[in-house]
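**Student:** sharing a model prediction with you, sequence too.
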Amino acid sequence: MNDSRQSPVRIVVDDREQRSGMVELLAANESVSLSISRLTLGDYEVDDHLLFERKTLTDLAVSIKDGRIFHQGSRLAQSDKRGIIILEGTSRDLASSNMRREAVQGALISLSVFFGIPLLRSRNLQESAQLMLYTARQNRAIATGALSRHGIRPRGKRKTQLHILQGIPGVGPERAAALLDKFGSVEAVFTAGTEELLSIKGVGKNSVDAIHWAVRESEIEYGRFDEDSDPVL
């Protein structure tokens, strides 16, 4: 019987990632079975179970500014595959972005704590490729019982959505259910205006402030990212 842990790691690369250099790296690895296709979510689908979104720190700064990172995070969190974000680069890459250190930290808190998305750090393209392969191998080890699995992920789309909303301070099970019933998705809740949110029974100003705090960053209260400061990530 063939040990699945020894079979090639199956990776589907989104066709828009072909210029990144990752395709050549992965294709040169004999332990990888590679294909290229258009993915509706994520940049790399691994073993039909893991979904990686790869972002350079420069890309991260841009996506925080335009709010795209929260849209992507919401979709990854609700996917039936395990969503993972790889953050690639060093703190120096953020020095020229005019992105404030606390804004980056706030976004990472939202993604990891409230959306429940693992964030993996990588210095360069080569390390990003290694991280995907390491994760795939550990996932296979867990599936075959070689490693114990800690924690239980909610199953089903609605349960996952409620789990995300309940991660926001002050939004318990009843408020989360009311918000989801009204707006239909986590993304719609996060993009709703103050008056829309206040129209929900049991949702007050404190809850609205908590929702907005979780997904929006205020530029006024933050100090600019300093290249010479401690690493932001």
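**Tutor:** Thanks, I have it.

**Student:** from here on, contacts and neighbour counts on C-alpha atoms
**Tutor:** OK.

**Student:** can you list contacts of the helix or strand of the chain with the lowest mean pLDDT?
**Tutor:** Across the helices and strands of the chain, mean confidence by mean pLDDT, DSSP states H and E is lowest for helix 205-215: a mean of 78. For helix 205-215, the surrounding residues in contact (Cα atoms under 8 Å, 6 or more residues apart in numbering) are 70, 106-107, 110, 114, 168-171, 190, 194, 197-198.

**Student:** recalculate using a threshold of 7 Å.
**Tutor:** 70, 110, 168-171, 190, 194, 197 (Cα atoms under 7 Å, 6 or more residues apart in numbering).

**Student:** of those residues, closest to residue 58?
**Tutor:** Nearest to residue 58 among the contacts of helix 205-215 is residue 70, at 16.0 Å by Cα to Cα.

**Student:** relative to the whole chain's centre, how far out is the one helix or strand the closest one maps to?
**Tutor:** Residue 70 belongs to helix 68-78 when assigned by DSSP states H and E. Computed by Cα atoms, centre = their mean, to the nearest Å, the chain-centroid distance of helix 68-78 equals 6 Å.

**Student:** would you mind listing where the chain has pLDDT under the threshold?
**Tutor:** 1-6, 144-155, 169, 214-233 (pLDDT under 70).

**Student:** of all the residues in the helix of greatest length in the chain, which ones are buried?
**Tutor:** The longest helix of the chain (DSSP state H) is helix 125-143. Neighbour counts over helix 125-143 (16 or more other Cα atoms under 10 Å) mark 125, 128-129, 131-133, 136-137, 139-140 as buried.

**Student:** tell me what the helix or strand following that helix is packed against?
**Tutor:** Later in the chain than helix 125-143, the nearest helix or strand by DSSP H and E is helix 157-166. Applying 3 or more Cα pairs under 7 Å, 6 or more residues apart in numbering; DSSP states H and E, we find helix 157-166 packed against helix 68-78, helix 173-183.

**Student:** nearest to residue 156, out of those?
**Tutor:** Per Cα to Cα, nearest to residue 156 of the helices and strands packed on helix 157-166: helix 68-78, 8.9 Å.
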